[in-house]
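Sequence first, predicted model second:
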Amino acid sequence: MPIKIYQGNDMLLRESDITVVIDVIRAFTVAHYAFLKGVEKILLVATVDEAFHLKNQNPNLVLAGEIKGLPISGFELDNSPAHICHAKVEGKTLVQKTTNGVKATLNSLQAKDLYVTGFSNARTTATYLKKQIDQAERECHVHIVASHPTGDDDLACAEYMKGILEGNDVMDEKEVVERIINSHVAEKFFDASQPEFNADDLKYCVKELKGEFVMKVNKTGKIPTIERFFI
């Protein structure tokens, strides 16, 4: 089972059987908590204009995301897992546009099966995929994409998941959490001069939850869509 880790958001990788895109701080932590709050599905878009176009067509959509980590004017939600947990989103469809995770996912649509995760759902996702791979009757090629180009947060999560898929669990949760917290991506959340970055977000980003679903990208429609896939 060849498993390769890639880092960055703008790569066009060769086709794989399975690709997992990771964004710990914060896009796919937000997505995970959005589903836990009752969101139905999440549409992925590359640009702000595309998000507004969809909103004009369907005013019931909820726009969520960031540009360089900052809220987008006109969007109902930013990219904060702490905020999504207090938002009234049950039954809603989100439109998500982010700098790293969404972009990397949109560049990974050539995968046969495409999943996204943060650390909060990493073990659930990796354990599920390992079962699928073990049951396959052929060799599966797996790509794990740490979407932040330089962030050790996503890379630590990728290495953690790779260990689970390979059955060796060489990293434990505490090591991953430590690397996430100490990554340069997390620094601004501890910086009092940057209050726009909510320090509470990191509590959600480093809390691993027992889950009943993985987040799979449905590529059959015009707009790639994250859906809950119950396991």
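Structure received.

Residue 40 and residue 61, how far apart?
Here residue 40 is placed at a distance of 11 Å from residue 61 (CB to CB, to the nearest Å). Every C-beta, even on glycine, is put in place using the N, C-alpha and C of the backbone.

which neighbours do these two share?
Shared contacts of residue 40 and residue 61 (CB atoms under 8 Å, 6 or more residues apart in numbering): 92, 93.

quick one: the closest residue to residue 149 other than its chain neighbours from residue 176, how far?
Sequence neighbours aside, residue 8 is the residue nearest to residue 149 in space, at 4.6 Å (criterion: CB to CB, 6 or more residues apart in numbering). Taking CB to CB as the measure, residue 8 and residue 176 are separated by 20 Å.

These two: which is more packed in?
Legend: neighbour count by other CB atoms under 10 Å for residue 8 and residue 176, higher for residue 176 (24 against 16).

give the contact list for that one.
Contacts for residue 176 (CB under 8 Å, 6+ apart) come out as 119, 122, 156, 157, 160.

Specify which member of those residues is nearest to residue 217.
If you rank the contacts of residue 176 by distance to residue 217 using CB to CB, residue 122 comes first, at 16.4 Å.

Show me where this structure has its strands.
In the chain, the segments counted as strands under DSSP state E are 3-7, 18-22, 41-44, 62-65, 93-97, 113-117, 142-146, 213-218, 225-230.

okay, these, which one's buried deepest?
Sort the strands of the chain by mean neighbour count, taking mean count of other CB atoms under 10 Å, and strand 18-22 sits at the top with a mean of 29.
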